[in-house]
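Trainee: I would like the atomic coordinates for the input below:
(6 chains)
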4 protein chains.
Amino acid sequence: MLKPTETSVFEMTEQPSQPRALDRQRRILDAALAVFSRRGYREASVDEIAEEAETSKGGVYFHFPAKQMIFRALLDVSAKRLLERVEAAIERETRPVAKADAALLTVLDAFADHRALARLFMIEALGAGGEFQERLLQIHSDFIAVIKLHLDTALAEGVIHDVDTDIASRAWFGALNEVILHWLIKGTPARLEDAYTALRPLLMRSVGIEAPAAAPPRGRLANGQAGDRAGH
Amino acid sequence: MLKPTETSVFEMTEQPSQPRALDRQRRILDAALAVFSRRGYREASVDEIAEEAETSKGGVYFHFPAKQMIFRALLDVSAKRLLERVEAAIERETRPVAKADAALLTVLDAFADHRALARLFMIEALGAGGEFQERLLQIHSDFIAVIKLHLDTALAEGVIHDVDTDIASRAWFGALNEVILHWLIKGTPARLEDAYTALRPLLMRSVGIEAPAAAPPRGRLANGQAGDRAGH
Amino acid sequence: MLKPTETSVFEMTEQPSQPRALDRQRRILDAALAVFSRRGYREASVDEIAEEAETSKGGVYFHFPAKQMIFRALLDVSAKRLLERVEAAIERETRPVAKADAALLTVLDAFADHRALARLFMIEALGAGGEFQERLLQIHSDFIAVIKLHLDTALAEGVIHDVDTDIASRAWFGALNEVILHWLIKGTPARLEDAYTALRPLLMRSVGIEAPAAAPPRGRLANGQAGDRAGH
Amino acid sequence: MLKPTETSVFEMTEQPSQPRALDRQRRILDAALAVFSRRGYREASVDEIAEEAETSKGGVYFHFPAKQMIFRALLDVSAKRLLERVEAAIERETRPVAKADAALLTVLDAFADHRALARLFMIEALGAGGEFQERLLQIHSDFIAVIKLHLDTALAEGVIHDVDTDIASRAWFGALNEVILHWLIKGTPARLEDAYTALRPLLMRSVGIEAPAAAPPRGRLANGQAGDRAGH
DNA sequence: GATGAATGAGAGTTCATTCAT
DNA sequence: AATGAATGAACTCTCATTCAT
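Mentor: This next block holds a predicted model:
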């Protein structure tokens, strides 16, 4: 989630020697996110990105050697950022299932706040050619690994039983994905967060946890309490 | 599933006046499926499709007025065919949950047999531009509606309880999707069917059904028995 | 001018062995005139001509070996027809200046009645490539020759004096052309015939004939009296 | 008329930021004029224009967004230039009829010097599709308006009588056009200027002015004396 | 005679990338 | 650092023409 003072999602990519260069890189990545997200990877032209970044085509090529590289940087930086956010959320939880739960919720919150980012991950990365498909799937796997890690812990701690955590983590992620994709393209539910309210008990049950009758209301600033909702 | 004697998945799209024309349409759609699947929608050139179909560019345009229309026809015909297959499988089951289960399994079997088709639905339709994204999501929704229908019946019959069938059907579909996507791009598991063996109990549990300890082995010809595996 | 019972402007082109063939040729030429006139020579497709002629592309090519040939036939037949009409009108006059005058008026009447024909001669024949430009100019020259012939007679008879009939006939024709072109493209005057009422005294003066103060009103059926209007 | 040191008829179309760009625009317009003139609008390919301009297809498209726009720019710039030349010539005359006369002569001189330009205005603009037909007719009307303006003055000053200046100016223009067209396509008379020597007395007479028995010889640099030739 | 499927050359246009300034 | 002019390969689509049926 962007703080009001942030103007960009991207703060560092490589090793920009000068602050001005860093600024430009950020501006270009922001512009690229916007353009890729509304046009798609192939329809997006470098010219359009340059215009959106208020620079010139040559300017873009000074900072990125190819269009592909812009997309790759976008994907990498965003994924890293997202994963960091997920891990921060996880640390705020104590019980393993709550940690896995928080991971999903964080992804969902991030996408709800940043529709463009959501399009990037859910749609455009698949349409950008084979190279990026692999990369996207790796990102999927990274997130799934985080979930799995905590499901494994839950299993070890005896909180859940008889669960193939490999498939469970993947299934959880997939279920979430479908819900987000639907929201992205069809626009329902209006508030993506609402979907998770319905989805969570289902996921819990799938690993044998009966969710509490009613989940407490949750605001965006109340992430820290997420663990309370996933009691077993 | 294609019978060994079939060479094409496509048998009719429109109403060509000559039998030769019908043949060409089939050949073009087959070629397009192959090319779109290996190149992606945007990278695929009409020339390449023509070559693969052993015809000329003009020949392709005689049958389809635009590249988009080839893709659209491919998507529509394939979805129709897949849905028919799903409904046939469903009819062979009696218990509602088994019917929903059979739906998923049929999709999975179809994709396992037709990797190109799987790419079309899982990847290329998302990367082909906004028009097709909507169309794809509609296809998703069609399948999800089938699942939901039977979950609703199960709910009415008291087989399952306290389930938001709307989200459950979507979640099931999404979970399956992720598994298929992973198989498509990363190649694991080698046999897509194996993934479902692990996935099914999870899905069942998610609606409150405890799967039997061990699912009976299943061959492709044993679809009719699928219902036996989804006891409640 | 087409009689109400005529459905086509074209009655014979070459030597059609069978009446059915003749019919088809007529239909195709009519269709071609319509299509060339609304689309222009290059934009007109043989497909569109075939459709307008209610036949098939192959059908058109059976009767005409190339698109060019359709246009050429159209131009030749129409010019011949027009020239015949002009000569008929001339014969109805006795005084040479009246004959020249009748020639112009006939052309103008023909175009007023057949806007498509007018487009063909005034516009499309110029846009159809060098071959047709030469052909069109030859047609111009043919008409101009007719006018010149009668101006020469008028000169010999002493009706007009000190006139370069070569340039005068060309100038008359050009003046008429500009008026027709304006009417064709800009749509004014609404009745093309009105333009000639104003133009005629000017042309007469240009060869030294002072037109009568007021030209008598003229209807389309009153062509035979044209001579009365060009007194000297 | 081009001064010998000028290599291009086009000096400015829009506002290119770099001098190099302005140069290229000129080169492209020059090349386009040459190619359109020898091939016709539709037969001319952008590739050929690029080659003639010694640049690449992409280079052409950098400066002009479509083939149509090249043609439109060509037409607009040339018409503007021509009209300016006409108005300069008019200013050098004092008597109104001489002014009108000078207008025609200037057009004729310009075309005599620039056969390609003549083709553009007389032929290609009519064959380039409906859009340009309207534009060309507007250009015609602009020139005709200039002629009419001075004929009106002549009328007001009592130099000419009983003339419908609207039709007279159009007729003059049309007569000139036909002469130019003939020269363009058939090649006679060899010197276009000779045609005007014969045409002028005719036009004068058409508005009731008896031309002097013999027009004084006229060289291109003697335009300023044109007024002497148009006795009242 | 007629149909419509098929061909293939060629069009206009786009755009990632390069590079002189 | 940055600009924008230039390049050229590639693309989608059109259409006159041919020909098997």
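Trainee: CA only for contacts and neighbour counts going forward, please
Mentor: Will do.
Trainee: Would you mind finding the longest helix in chain A?
Mentor: Secondary structure of chain A per DSSP state H: the longest helix is helix A:130-156.
Trainee: Return the angle between stretch directions for the following helix or strand past it and helix B:130-156.
Mentor: For helix A:130-156, the following helix or strand on the C-terminal side (DSSP states H and E) is helix A:165-186. With axes from the mean of the first three to the mean of the last three Cα atoms, to 10 degrees defining the directions, helix A:165-186 sits at 120 degrees from helix B:130-156.
Trainee: With just CA atoms, put helix A:165-186 into PDB.
Mentor: Taking C-alpha atoms only, helix A:165-186 is exported to PDB below (Å, rounded to 0.1, in the frame of the first residue of the first chain):
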ATOM      1  CA  THR A 165       0.900 -29.100   2.000                       C
ATOM      2  CA  ASP A 166       2.400 -29.000  -1.400                       C
ATOM      3  CA  ILE A 167      -0.900 -29.200  -3.100                       C
ATOM      4  CA  ALA A 168      -2.800 -27.300  -0.400                       C
ATOM      5  CA  SER A 169      -0.600 -24.200  -0.700                       C
ATOM      6  CA  ARG A 170      -0.900 -24.300  -4.500                       C
ATOM      7  CA  ALA A 171      -4.600 -24.700  -4.300                       C
ATOM      8  CA  TRP A 172      -5.000 -21.900  -1.800                       C
ATOM      9  CA  PHE A 173      -3.000 -19.700  -4.100                       C
ATOM     10  CA  GLY A 174      -5.000 -20.800  -7.200                       C
ATOM     11  CA  ALA A 175      -8.300 -20.100  -5.500                       C
ATOM     12  CA  LEU A 176      -7.200 -16.700  -4.600                       C
ATOM     13  CA  ASN A 177      -5.900 -16.100  -8.100                       C
ATOM     14  CA  GLU A 178      -9.200 -16.900  -9.700                       C
ATOM     15  CA  VAL A 179     -11.000 -14.600  -7.300                       C
ATOM     16  CA  ILE A 180      -8.700 -11.800  -8.100                       C
ATOM     17  CA  LEU A 181      -8.800 -12.400 -11.800                       C
ATOM     18  CA  HIS A 182     -12.600 -12.300 -11.700                       C
ATOM     19  CA  TRP A 183     -12.500  -9.100  -9.800                       C
ATOM     20  CA  LEU A 184     -10.000  -7.600 -12.200                       C
ATOM     21  CA  ILE A 185     -11.800  -8.400 -15.400                       C
ATOM     22  CA  LYS A 186     -15.500  -8.600 -14.400                       C
END
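Trainee: does any part of that helix sit near chain B?
Mentor: Yes: using Cα under 8 Å from any Cα of the partner chain, helix A:165-186 comes into contact with chain B via A:167-168, A:170-179, A:182, A:185-186.
Trainee: Determine the set of other helices and strands touching that helix.
Mentor: With contacts defined as 3 or more Cα pairs under 8 Å, 6 or more residues apart in numbering or on different chains; DSSP states H and E, helix A:165-186 has these neighbours: helix A:96-113, helix A:115-119, helix A:130-156, helix A:192-206, helix B:130-156, helix B:165-186, helix B:192-206.
Trainee: Within range of DNA strand E, give me the residues from chain A.
Mentor: Residues of chain A that fall close to DNA strand E, judged by Cα under 7 Å from any atom of the strand: A:42-47, A:57-58, A:61, A:65-68.
Trainee: and chain A, what are its domains?
Mentor: A:19-65, A:74-229 (automatic domain parsing).
Trainee: rank those by pLDDT, which is bottom?
Mentor: The stretch with the lowest average pLDDT out of those is domain A:74-229, scoring a mean of 88.
Trainee: Looking at chain A, which residue is nearest chain C?
Mentor: A:E43 (30.1 Å; Cα to the nearest Cα).
Trainee: What is the neighbour count of that residue?
Mentor: Using other Cα atoms under 10 Å in any protein chain shown, A:E43 has 14 other residues around it.
Trainee: So what's the residue count around the nearest residue to A:I160 once chain neighbours are set aside?
Mentor: Leaving aside its sequence neighbours, A:I160 sits nearest to A:A154 (Cα to Cα, 6 or more residues apart in numbering or on different chains; 5.9 Å). A:A154 has 20 neighbours, counted by other Cα under 10 Å.
Trainee: who touches A:A154 in this structure?
Mentor: Residues counted as contacts of A:A154 (Cα atoms under 8 Å, 6 or more residues apart in numbering or on different chains) are A:95-97, A:160.
Trainee: go again using 7 Å as the cut-off
Mentor: Counting by Cα atoms under 7 Å, 6 or more residues apart in numbering or on different chains, A:A154 touches A:96-97, A:160.
Trainee: what do you get for A:R115?
Mentor: Going by Cα under 7 Å, 6+ apart, A:R115 touches no other residue.
Trainee: what's the answer for A:H150, then?
Mentor: With Cα under 7 Å, 6+ apart, A:H150 has these contacts: A:96-97, A:99-100.
Trainee: tell me the two of these that are most distant?
Mentor: A:P96 and A:A100 (6.4 Å; Cα to Cα).
Trainee: which neighbours do those two share?
Mentor: When contacts are counted by Cα under 7 Å, 6+ apart, A:P96 and A:A100 are jointly contacted by A:150-151.
Trainee: Any part of stretch A:201-210 near chain B?
Mentor: Yes: remark: stretch A:201-210 sits within contact range of chain B at A:202-203, A:205-208, by Cα under 7 Å from any Cα of the partner chain.
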